[in-house]
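K.L.:
here is a sequence with its predicted model. Questions after.
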Amino acid sequence: MKDKKHLAWIAQEKRKSTFHSVDWFLLVNALFSLYLLLQRIGAYPSLTHFLRSAPAVVGVMLMAAVTYTILRLLRPHSEKAAWWILNACVTILALCWCGVFHHLIAINSVYLVYPLLIGLIFASLIPFYLSPLLLSLFSAPILMMAIAENIFFRGAVSLANIFSYGLMLFLIYSAKRMLEKWFMLAVEREKENKQLIERLGKLANRDPLTGLANRRYFSNYFDSVFARESEAQDGFAVILLDVDFFKKYNDHYGHQLGDECLIRLAECFDSCVRRSQDLVARYGGEEFIILLPKSDRAEATAVAERIKAQVAAIAIPHEKSDVGPWVTVSQGIALWRTGVGREQLVEMADKALYQAKANGRNGYMLAD
């Protein structure tokens, strides 16, 4: 599955790269046709006569302009459709150049053909080296026409000519392979950089001990939830949790077992929430906090009851606890209502937690 996704991503990156360079390629085509126009216009009595005699030159200019316009209009709406239009336009552009070169060979201007042909072929490598189809659609008709005209119609058959055609094909192929290797190397490095950034982002938002969200991430998430829910007048709840007599636990069992205790409790708290939008975070030391968007009193107390039952079920020994032989937690629940601010809501949960501790711990209290 990952391989398919990776290949699809590579194909998408190749299309993006091709589209990024195709405007330059179309400009090169227009400039080459303009060069021919300026080069040959002096040999004809008027511009009109030249255009009638060499319509393919005008065809190249028009096709370059039309292709550029269509891609600009179509690509933002459908990149797939723009891709197929590009294939069709490149084919027509190649046929126009075949007409241009045929005309130049017919009027015995072969000296213009080969510099232009080589320039166009290597210019096509820049946008199309990642697409064998597009490169073939553009270069194959031009090469075949030039070779056929030179060998079969002009009779210019020699070992040197055959070698020159083979050399040209070798250069095109090897240049394509080298450019493609550079592209793949750049893409792989970009992927590695993105993965590194994602890992760093996760590390920046996660508590290194428990793997839960850290206080920084909770604060940012709380801000967004508070703004959204308070504007929509939807209820939400905050539960503040504290491990009972955790200092005594650390003093008796040591900090290593204390860390293991917090890790097991974090897993327990995380398993007690049911929705992806609920967030469990380490608030600091042995304190944890849970944010429950779109939750009322019944839903918040249900989460608190599950936490109490699950903590009792995992039964982590705590010989120094004044509550019982096992680790317990106290919880303070605060429900948002109109007029209650962000900091005020957390203070309400903290006061409810304090009341739960005063009532004997291992339970929860709901803020007034």
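P.N.:
Sure thing, it's come through. In this text, all values refer to a predicted model and were calculated from it rather than measured experimentally.

K.L.:
on the three-state scheme, residue 238 is what?
P.N.:
strand (DSSP: H, G, I helix; E, B strand; the rest coil).

K.L.:
count of residues packed around it?
P.N.:
For residue 238, the neighbour count with other CB atoms under 10 Å is 26. Any C-beta I mention is one placed from the backbone N, CA and C, and that applies to glycine too.

K.L.:
which non-adjacent residue is nearest residue 119?
P.N.:
In this structure, residue 119 finds its nearest non-sequential neighbour in residue 32, 6.8 Å apart by CB to CB, 6 or more residues apart in numbering.

K.L.:
do residue 180 as well
P.N.:
Among residues not flanking residue 180 along the chain, residue 129 sits closest, at 5.8 Å (CB to CB, 6+ apart).

K.L.:
one more: residue 82?
P.N.:
residue 75 (4.1 Å).

K.L.:
burial measure for that neighbour, as a count.
P.N.:
17.

K.L.:
need the pLDDT of it.
P.N.:
Looking at residue 75, its pLDDT is 87.

K.L.:
wait, it touches residue 85, no?
P.N.:
No: using CB atoms under 8 Å, residue 75 makes no contact with residue 85, being 9.0 Å away.

K.L.:
quick revisit: isn't the residue nearest to residue 180 right next to residue 174, touching?
P.N.:
No: Residue 129 lies out of contact with residue 174 (CB under 8 Å); the separation is 11.1 Å.

K.L.:
which one of those two has more residues nearby?
P.N.:
residue 129 (23 against 10).

K.L.:
coming back round to it: how close does the residue nearest to residue 82 get to residue 283?
P.N.:
48 Å (CB to CB, to the nearest Å).

K.L.:
over to residue 68?
P.N.:
For residue 68, the distance to residue 283 - CB to CB - is 57 Å.

K.L.:
what's downstream of the helix or strand of the chain at the bottom of the mean pLDDT ranking, the next helix or strand?
P.N.:
Sorting the helices and strands of the chain by mean pLDDT, DSSP states H and E puts helix 47-53 at the bottom, at a mean of 60. Once the chain leaves helix 47-53, the next helix or strand it forms, by DSSP states H and E, is helix 55-74.

K.L.:
buried ones in the helix or strand just after that next one?
P.N.:
Of the helices and strands lying after helix 55-74 in sequence (DSSP H and E), the nearest is helix 79-106. Of the residues in helix 79-106, 82-83, 85-86, 89-105 count as buried by neighbour count, 16 or more other CB atoms under 10 Å.

K.L.:
helix 79-106 - contacts with which helices or strands?
P.N.:
helix 2-40, helix 55-74, helix 110-128, helix 132-148 (3 or more CB pairs under 8 Å, 6 or more residues apart in numbering; DSSP states H and E).

K.L.:
can you tell which of those helices is closest to residue 223?
P.N.:
helix 2-40 (32.7 Å; CB to CB).

K.L.:
in that closest one, what's buried?
P.N.:
Buried residues in helix 2-40 (16+ other CB under 10 Å): 10, 13-15, 17-19, 21-22, 25-26, 28-30, 32-33, 36-37, 40.

K.L.:
now the angle from that helix to helix 55-74?
P.N.:
Angle of helix 2-40 versus helix 55-74, following axes from the mean of the first three to the mean of the last three CA atoms, to 10 degrees, is 140 degrees.

K.L.:
what's the angle from helix 2-40 to helix 110-128?
P.N.:
Using the same axes, to 10 degrees: helix 2-40 against helix 110-128 is 150 degrees.

K.L.:
from the contact counts, what lies against the longest helix belonging to the chain?
P.N.:
Using DSSP state H to define each element, the chain has its longest helix at helix 159-205. Secondary-structure packing of helix 159-205 (3+ CB pairs under 8 Å, 6+ apart): helix 2-40, helix 110-128, helix 132-148, helix 215-232.

K.L.:
name the residues of the shortest one that are buried.
P.N.:
Okay, so that is helix 132-148. Neighbour count says helix 132-148 has 134-139, 141-143, 145-146 buried, by 16+ other CB under 10 Å.

K.L.:
could you point out which residue ranges in the protein have low pLDDT?
P.N.:
Counting by pLDDT under 70, the ranges of the chain that qualify are 1-3, 6, 40-54, 150-162, 197-203.

K.L.:
quick check: can you list the domain ranges of it?
P.N.:
When the chain is parsed with automatic domain parsing, its domains come out as 2-197, 215-366.

K.L.:
and these: which comes nearest residue 209?
P.N.:
Nearest of the domains of the chain to residue 209, taken as CB to CB: domain 215-366 at 5.9 Å.

K.L.:
contacts only, for the residue nearest to residue 234 when sequence neighbours are not counted.
P.N.:
Nearest non-adjacent residue to residue 234, counting by CB to CB, 6+ apart: residue 294, 5.4 Å away. Residues counted as contacts of residue 294 (CB atoms under 8 Å, 6 or more residues apart in numbering) are 229, 234-236, 277.

K.L.:
mind picking the two most distant members of those residues?
P.N.:
Among the contacts of residue 294, 235 and 277 lie farthest apart (CB to CB), at 13.5 Å.

K.L.:
contacts only, for residue 311.
P.N.:
Residue 311 neighbours (CB under 8 Å, 6+ apart): 265, 268, 326-329.

K.L.:
in strands only, show me the residues you listed.
P.N.:
residue 329 (DSSP state E).

K.L.:
by neighbours, which of the contacts of residue 311 wins?
P.N.:
For the contacts of residue 311, the largest neighbour count, defined by other CB under 10 Å, is 28 neighbours, found at residue 329.

K.L.:
from residue 38, how far off is that residue?
P.N.:
85 Å.

K.L.:
count residues in the vicinity of residue 360, would you?
P.N.:
Residues near residue 360, counting by other CB under 10 Å: 12.
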